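[1] just need the structure, nothing else, for what follows:
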Amino acid sequence: MPLKSGGEVGKQLGVSRLLDRRELGVINIGGAGVIVVDGQRYDIGHRDALYIGKGAKELVFASNEASRPAKFYYNCAPAHTAYPTKKVTPADVAPVTLGDNLTSNRRTINKYFRSGCAGNLSAQYGAHRTGARQSMEHHAMSYP
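    Predicted coordinates for the structure are as follows:
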């Protein structure tokens, strides 16, 4: 079943539409899906991403198969400039390997949304991947 972004989210942010003053980065971590932005259809496969710039009015998210649904992981951040919507595939990402095996901290960050690739998402992010026999720990800490 398609999910349409409605005006309710925008109203909570004090604007008519969600992306009036914001930009959106979406990574599909599930099965194949579709994102429609202002009538333009984008087929988004597993690990594909879509940068949606400030000012987009219509957003529709849907899965191709109900038995293997798309799982859209997204980040929305304030935007100061409008950039065009752009699909990003795993071949377009910039992998950065950090840490080392001795401290169980070796990981690769695949940067999907960065300057020169897709807009300039304020909160640039990517997908973390660890190698064989490696772990990734995220510490939950409260900050004052």
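
[2] ok, Ile29 touching Tyr73?
    Yes - between Ile29 and Tyr73 there is a contact at 5.3 Å, judged by Cβ atoms under 8 Å. Bear in mind the C-beta positions are built from the backbone N, C-alpha and C, glycine included.

[3] what's the neighbour count on the spatially closest residue to Asp38 that is not a sequence neighbour?
    Leaving out its chain neighbours, the residue that sits closest to Asp38 by Cβ to Cβ, 6 or more residues apart in numbering is Glu58, at 5.1 Å. Neighbour count of Glu58, defined by other Cβ atoms under 10 Å: 13.

[4] contact partners for Glu58?
    Neighbouring residues of Glu58 by Cβ atoms under 8 Å, 6 or more residues apart in numbering: Lys4, Val36, Val37, Asp38, Gly39.

[5] buried ones among these?
    Burial by neighbour count, judged by 16 or more other Cβ atoms under 10 Å, picks out Val37 from these.

[6] now the contacts of Glu58 in TSV, please, with extra columns for secondary structure.
    Formatted as TSV, the contacts of Glu58 follow (DSSP: H, G, I helix; E, B strand; the rest coil):
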residue	secondary structure
Lys4	strand
Val36	strand
Val37	strand
Asp38	coil
Gly39	coil
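
[7] closest to Ile109 among the contacts of Glu58?
    Ile109 lies nearest to Val37 out of the contacts of Glu58, by Cβ to Cβ, at 26.0 Å.

[8] I'd say Leu98 and Arg107 touch.
    Yes - at 6.0 Å, Leu98 counts as touching Arg107 under the criterion of Cβ under 8 Å.

[9] so between these two, which is more surrounded?
    Arg107 (16 against 10).

[10] local confidence estimate at the more buried one?
    pLDDT, Arg107: 87.

[11] again, but for Phe113
    pLDDT, Phe113: 75.

[12] what's the neighbour count on it?
    Phe113: 27 neighbours (other Cβ under 10 Å).

[13] SS state for it?
    coil.

[14] what about it, distance to Asn101?
    In this view, Phe113 and Asn101 are 28 Å apart by Cβ to Cβ, to the nearest Å.
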